[in-house]
Each structure stands twice: as C-alpha cells, then as structure tokens.
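In: coords below, sequence missing:
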C-alpha cells in the first residue's frame, strides 16, 4: 500500500513501545501487517499515556457524578455548574518525563497543554496551579530542574496571561531520577456553551488551526509511557517547544469563533498530536475521518506522513466547522495571524484514512483504534501495613521551641515565595487570596462569587499506606477549600506512579485509587477529570506514589471568606478536631528524628465532614476571624504560619496531660483546623460544637510579637519568619553550606 | 474621560485596564486593534496595557512600536494628548522613541510578581494629581524586564526636569536598594515625556483599584486623570 517506508520488524515494533502480543492484536484487528505510518498511529494510540490501559479498570470505580457535574472524565476537561448559568472547566495533567529531560520547555508545554484542554471546551482560563516534586536538594541535578521548571511554568503562564495562584513544591530523594510537573488549569464558561470533541454530520470540513507542524515531540507520548535509564538524556528531541504567544492568539481566536457559533466539534492536539485528536473526534461521533496531509501547514519541508501524524508541535487545534461558517471562521483566524487549513472531512465509513502525496498511508478502523486498545488487569500486591508508632516511643531530640524553629526552615515546610513570585499571580485582577494560604481564592467575573482552588497530596503517606494516603489527599484538598470558606465541589486527579508492570507499584496505584474513591464518595466530591502518569522510574527505582488532587470549591460571597493570618491581638485561638498525637510518617519523625516510618494518620471521613462543615459555618457567619487547616508539621507549625502571615504572636496553653507535648504539637492527626475568634465568643462556639459533635479546645490567645509556648523559650515572629523565608532562596542561589 | 486601549497580539492585561478605566471613569474604553490606523474621534487618553506584545520576540516592545496603529498614537501624543503605557506599554513607548531609555532584564534575571511600594515624586502632573507628593502607594509588579536604564546624560535630564513620577521605595518612602526590586537606575519606576503628557511605568495601578480586592492605591492615577480632563473640558 505504501512506499518508501521502513519494513516492519520485531525490533521496530519494540521501538514503538508495543509488546509482541499487542502487535499480534493489531494484525488480527486489521487483517494484515500495518504500514509504518499505521504502526506509528497504533503506538500513539495504544501507549499507556493515551490509552490508560493499566489504570482503566480501576479508574472506573471512581465516583464521577453529582447534580452539579456537567461533564465528567472522558473529555478534554471536567465541567461543573456554579450557578448563574456559569460553569467551571478544569483539569490537571502531568508533564513529568519531558520536564526531567528539558525542564524549561517540558514545564512550559505542560502548562500550555492544560490551558488548551480548558479553552478547547469554550472556557476562558482564569487560574493555573502547579504541583511540583523534585529529588533530594543535595542531588546535583535538583537545583537545575527546580530553576528550569519554575521558569518554564512562569514563562508560559505569564506570557499567556493567566494567574498562577497555587500549587505544591516538595523534595524527596525518590524523585531524583524523575521529577513531577503537574499543571492544573481552571476556566470559566457559559454553562450552555460548552464545546466537545464529538464530531457530527458526514462530509463536514475538518479544519487545522494554530501553529505549523514541525518535527518536535515525535513519540512524546510513547516516551511518557516508558521508564528512564542512564540514556534518557538522548530523548531530548522528543520534548516539544512551547510558544505562549501563539497560544494566546489561539485562545482569543477560538473563543471568538465559538461565540459566532462556527464550531461543531473541537479537539486540541496534545499528546500524539494529529493522530489522537482526529481519531477521537471521529470515534466519539461514530464517524470516519479522511485526512489529506498535503494540506497540513508544515514548519519544515519534506515531512513524512509518519512524522506529521506523530508530531507533538504545540498550539494546534482541530475543529469540525459548520460548512456555512467556514469563511467567517477563516477570517477570524487570519486576523489573529494563525494558520487555517481544511485538512479533511468526516465520512460515514468509520475508517481513519490518511492520504499524503497521492497515496493512502493509513486506512484503519477508527473505533477500534481507541476502544480496542489493550486493557490490562495487571497483577498487584497490597503493600504491607506499617506499624503504628506510639507517641511515647518517640524520644524528642530537642525542645518544642527548637523543634519548631528547625522544622519551619526545612525544605518541606519553608516558604515557597521564591517559586510563586516568579508567577504572575494577580493578572486578570481577580486574585482575592494569593499563593501562600490554604487555597487560592479567585473572583468569578465581577463577583461576589469566587472559586477556591488547591492542589494537594502527601506522598509519604501514600507510600506507607496507599489506601489511607489516597483518602488523605482528597481530604486534605477538601480541607484546604473549607479553610477559606469554600464549598468543595469537585476534583481532578493526577496519578503519578512507577512501573505498573511491577505488582507492588500496581498495588500502590490500586490502593490510592480506592482511597480516593472512598473519600470522594464520603465527601460528595466527584472526580470530573484526570490524568495518569506511569513509568515514573529510573533504573528500577520508582517515585513515591503521588496522586495529586486538584480541587475546586465555590464561595457564594468572597467577602465571607477567611485567611490564615491572625487579625488582631487578644483573640482566642481554637483547635477544632481531635488530637491523639499521631507521629507516624510525620515530618517531626522524619526530619528531626531521621525516621521515615510508621503508619500514616488515619482519615476519619465522617469527622472530616463534621469538622469541616462546622468551620465553614463559622467563616460564613464571620465568627472565625482567621482559619488554617492543620497538615504537614502539625499544630504548632500551623499556628506559626498564622503568626508569620500576620506579624502577630500568640501565647499558648500547655499541651494536655494525656498526650506527650511533642506529639500534641507536631502530630499530624487529620480533620483539624485552627481558628481565631473574639475571646467573648468562645463559650457559645464551644456549646455549638458540642451539639454538632465537633471537638473544640482553646489553645491560646493571639498577641505580642512572639510565640510563647509554656515552659519553652519564646520565639519571636520575626525570627521564625527569617527562618521560614531563608532556605529556598539560599538553596537556589547556591549559598547554603549543606543543602 | 474617553479612553482607548490599544490591543497588540500578545497583550494580556487589556481587560484589567479596561475594567479599571470603566470603574473609575464610568465609561467603557474603546479597544483599538493594532492593525487599525486611527483612534476613535475625541479620544482623551490612550493606554498601552501590559502583556507580551508579539511574544516579546526580538526585544520587548520592539515589534509593537512599529505597528500600524502607532502612527496615530504618535500623532495623539504630539498633539499633547495623554498617553499611558504600563509594563509592556512602557517598553513599547521606549522602543517607539516616545520616552527615553530602555527596560533591561531584572537584576536578579528572574520574573518578579509582587506588590511594591512607590514613592510619588510630584503631584502636579495629570497622572499624579490624585496623589500627594511624597505619598507612598502599594501596587503590584509583574515583569521580567523592568530595569530602567538610560545614558547618564538622559538620566540627569530626567531628574533635572522632574520627569520621574514614581520610584521604588521602602514602605516609609525612603530609597533603599533593597526595595529597588529590579535594579532600575535611580529606582525609577515611571517617567514622563518632556511635554509631561506621556507616562510610562512598570507597576500595575490597574490591579489595585477595588476595595474588596484588598487595596485601592492604584485608583488615584485614574481618578486624577478623570479630574484633569474634566477640568480641561
């Protein structure tokens, strides 16, 4: 059928990441040997990244529905209803493998890709978040990766013009060989004007829009579906190059033609480029697609069909247009200086036909390309349970004050300012709560509604107990939104794991998914979009299981929200939630006692809900003057963060007699918040909490310029702040003596 | 006040600017496309907003400075019309020769997004009549290339002629290199043309105009312009 293409050999098949039995399946499916271009198309569609072949059966167990869900998983992004005929469109996606190889472009195109997913659906992006994981600070590559990734995230988002308002940053030796870049984008659309990928109608023009196609990113999705080894550097050419300027133009042009009702279906060209977008549009609409590659705008001459079908050049879209609107749509794209070309049409045949230079280069059954991808029920083993560590069995290595002083300056807990000051977080003029709080708050249009946005996960908990860790990631995200006064609505999950062909890794994936599902069901917090990134391992060493949860909540009136900073002296500090003093997997145990061990804190979802609903009411009634959820580092770290955000100190009461002081102050028990209230309001709140079954304890009073812990040396807020702010800038400047 | 916001491809703070203008002047600005050749009749104030015109490719502002609409913008300024360039707008005005000097990479070679304190150097300009001389205002910056540089002679002239309207300062208004975040010469954050009718500034007053968003220190600039134009009319 085709000329001048390499012969298909077992080696070539293997180079395409296809197993021999997968290749046999292809031959059986099409009744002949595939051409070289067809082999490339199959490898693009059937790799882990695009097909979810290892995770699909487990992902199906996640709750995806609620009355406010407009679109769950399966489209470019999830869509939820926020009232006033408005919808929020959001998703999180990883760009891990490319970012490790070429940090700036890898991170930049990760941001670009997720923004495209959101505006493809008709939404104007209003915020981004980025959850980043890097190796040991002492690893020679880490600083280079942090520097490049942060610059890349900023470089793309700042130029595109979307505020980057939150995220995470962590360091751990298990990410030495594989960093994680999880980018989340959030947009707002008219609820009745959402655009989908499903093509309708036979003979409709398929239009290529955006930037030209080059040779960058070929096999990017396949690379993201394999482990790294010492030669991973050689994969640099598979990393795409981003152009945020083109993306900004593409955004404006797309929204303009959408407003003019020109669009039947639209799909961005992300992973596996033209192949994946064209196949999805046709397959979803039960239609065939006939592509003429001679019409594809190319950046370089002499590109083969194979290269064009697998290129992951950025800032490109595929659309099915209403034929009568073609001229109008073209004029809009020309105005924005973008390429516009009719590259095919829909057919009734359900075949995916690719023509180039007068020859048919591929002719494949379109449904099977997507639907018949192999699905694996890979064997998995449950990870062994870790022993519960009794607080009494942990000998405090230093005083409580010294422990706080030390912890606040560690890589895990220190200020992230160095990162988010490189991201424009105020553009668009809607950022009510900037980075550094529990959740970012972004006003919706002119208000008073606002979105509460967060991204969170605690990988060390997931490693110790995937099920509890999965639950905790969801609960933590739910808590972050609650702590600013938002009603949590829905999540996007970005599951980052090692090689699923290893049963223990598969066990982590399955355990985390089940934990996420359980928590999402209990908290009515459906999963509406997501992404799976597997094979995050190098030379057989996997990352910590990292199921990042991105979440969106709604505030009906952002004037009734809370921030973590203390507001005034003389206010009562309340601890909401039960404290046992859980030290297993705590940062205290890990970073001060050098023991990374034990069972992580269990998550009681009923208590989460009860305590969270209680704090949210205190915020809405303007009773809570400041709130903060208690997470990494425990209670005293949370109080210190509230003091540092305000410059106001606090005097604390002694730890209760039945809990060792270090466990009370640094245990990481879940479902807890710290809130401040007017001192006169305490009794009434305690009474209300009693009725609601919520444990409340007064733990101190705000005021002064220092944190005073009974029996401990006083710590000034200024001193804490200096410690808190020091580590990251010094590390990045290379001025730390011992990172 | 009738205002026009110039939209170059890649500009991205045009909505922020339009919202601030509408909020304070009560009148929706015209959005003028870069390929147009005329401003709407009766335009009092032309604004070139922030962003990354033409992707900042070649040099920040270099391509926009040569766009078709700039002919009309120059004519407006030559007639004494008010012209404000913010961030990328400042860079464009420098590249267009409407203001002297150039914006170099920040001294730390990194993009910086944070609130800064500006000392208002004089209040007798149409751009600053909403403030007191010496007043300190808090406004955000978001730029990678805001380090103002000009030859020594130009800097002396700017200073002698009182053309520096805003300087990066400490919260108490004192000048301190620690608060000059991008390393600008003489901590210059904003300058006017010899005629005083063209202002270029790096910070974003348009992002600090609403009380419910936490700070209204940017409001004075727009309110002052409205007042100046009302008085003139």
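Out: Thanks, I have it. The shown structure was predicted, so the numbers you read here are calculated from the model rather than taken from an experiment. Residues are numbered from 1 along each chain as shown, chains lettered A, B, ... in the order given.
In: Flag every residue of chain A that's near chain B.
Out: Residues of chain A lying near chain B by CB under 8 Å from any CB of the partner chain: A:151, A:154-155, A:158-161, A:243-246, A:248-249, A:336-337, A:420-432, A:443, A:447, A:558-559. Backbone N, C-alpha and C define where each C-beta goes, glycine included.
In: Which members of those are positioned in helices?
Out: Among the residues of chain A next to chain B, DSSP state H puts A:151, A:154-155, A:158-160, A:244-246, A:248-249, A:420 in helices.
In: Specify which member of the residues you listed is nearest to chain B.
Out: For these, the minimum distance to chain B (CB to the nearest CB) is 2.9 Å, reached by residue A:245.
In: Which two of the ones in helices among the residues of chain A next to chain B have the greatest separation?
Out: A:249 and A:420 (26.6 Å; CB to CB).
In: Which strand or helix spans residue A:691?
Out: Per DSSP states H and E, residue A:691 falls inside helix A:682-692.
In: So for that helix, what gets flagged as buried?
Out: Buried residues in helix A:682-692, counted by 16 or more other CB atoms under 10 Å in any protein chain shown: A:682, A:685, A:689.
In: Quick one: mean pLDDT for that helix?
Out: Here helix A:682-692 scores 97 as its mean pLDDT.
In: now stretch A:102-121
Out: 96.
In: Then stretch A:170-183?
Out: 97.
In: check contacts around residue 55.
Out: Answering for chain A, as no chain was given. If you count contacts by CB atoms under 8 Å, 6 or more residues apart in numbering or on different chains, residue A:55 has them with A:495, A:500, A:509, A:513, A:532, A:534.
In: my bad, chain B
Out: A:159, A:243-246, B:10 are the contacts of residue B:55 under CB under 8 Å, 6+ apart.
In: can you pick the most crowded of those residues?
Out: The most neighbours of any of the contacts of residue B:55, using other CB atoms under 10 Å in any protein chain shown, belong to residue A:244, which has 27 neighbours.
In: What pLDDT is listed against that one?
Out: At residue A:244, the model reports a pLDDT of 96.
In: how close does the nearest residue to it once chain neighbours are set aside sit to residue A:274?
Out: Spatial nearest neighbour of residue A:244, excluding adjacent residues (CB to CB, 6 or more residues apart in numbering or on different chains): residue A:159 at 3.8 Å. As for residue A:159, its distance to residue A:274 is 25 Å (criterion: CB to CB, to the nearest Å).
In: ok, now residue A:309?
Out: Taking CB to CB, one finds residue A:309 at 6 Å from residue A:274.
In: same check, this time on residue A:9
Out: For residue A:9, the distance to residue A:274 - CB to CB - is 25 Å.
In: More neighbours: which of those two?
Out: Using other CB under 10 Å as the criterion, residue A:9 and residue A:274 rank with residue A:274 on top: 26 against 9.
In: Need the three-state assignment for that one.
Out: Assigned with DSSP: H, G, I helix; E, B strand; the rest coil, residue A:274 falls in the helix class.
In: Pretty sure it sits against residue A:292.
Out: No. If you go by CB atoms under 8 Å, residue A:274 and residue A:292 don't touch, sitting 11.7 Å apart.
In: Measure how buried the closest residue to residue A:229 other than its chain neighbours is and give me the count.
Out: Nearest residue to residue A:229 in three dimensions, chain neighbours excluded: residue A:539, at 5.8 Å (CB to CB, 6+ apart). Neighbour count of residue A:539, defined by other CB under 10 Å: 10.
In: One more: the one 10 residues further on?
Out: Taking other CB under 10 Å as the neighbour definition, residue A:549 ends up with a count of 32.
In: for residue A:30, same thing?
Out: Neighbourhood size, residue A:30 [other CB under 10 Å]: 18.
In: One more: residue B:65?
Out: If we define neighbours as other CB under 10 Å, then residue B:65 has 22 of them.
In: Using the three-state scheme, assign it.
Out: helix.
In: Check it and give its pLDDT.
Out: On the pLDDT scale, residue B:65 gets 96.
In: who's in contact with the residue of the stretch 501-650 of chain A found nearest chain B?
Out: Closest to chain B within the stretch 501-650 of chain A is residue A:559: 6.2 Å, counting by CB to the nearest CB. If a contact means CB under 8 Å, 6+ apart, then residue A:559 has A:448, B:212 as its contacts.
In: I'd like to know how far it sits from residue A:439.
Out: Counting by CB to CB, the gap from residue A:559 to residue A:439 is 16 Å.
In: now swap in residue A:275 and tell me
Out: Taken as CB to CB, the span from residue A:275 to residue A:439 is 38 Å.
In: Repeat that for residue B:22.
Out: 29 Å.
In: For the two, indicate the residue with more neighbours.
Out: residue A:439 (31 against 13).
In: Pretty sure the more buried one sits against residue A:452.
Out: Yes. Using CB under 8 Å, residue A:439 makes contact with residue A:452 at a distance of 4.4 Å.
In: any common contacting residues for these two?
Out: Residues within reach of residue A:439 and of residue A:452 at once, by CB under 8 Å, 6+ apart, are A:480-481, A:484, A:486, A:553.
In: which one among these gets closest to chain B?
Out: Of the shared contacts of residue A:439 and residue A:452, the one sitting nearest to chain B (CB to the nearest CB) turns out to be residue A:484, at 14.3 Å.
In: May I see the buried residues of the longest helix along chain B?
Out: Longest helix of chain B, by residue count under DSSP H: helix B:219-232. For helix B:219-232, a neighbour-count test (16+ other CB under 10 Å) marks B:219-226, B:228-229 as buried.
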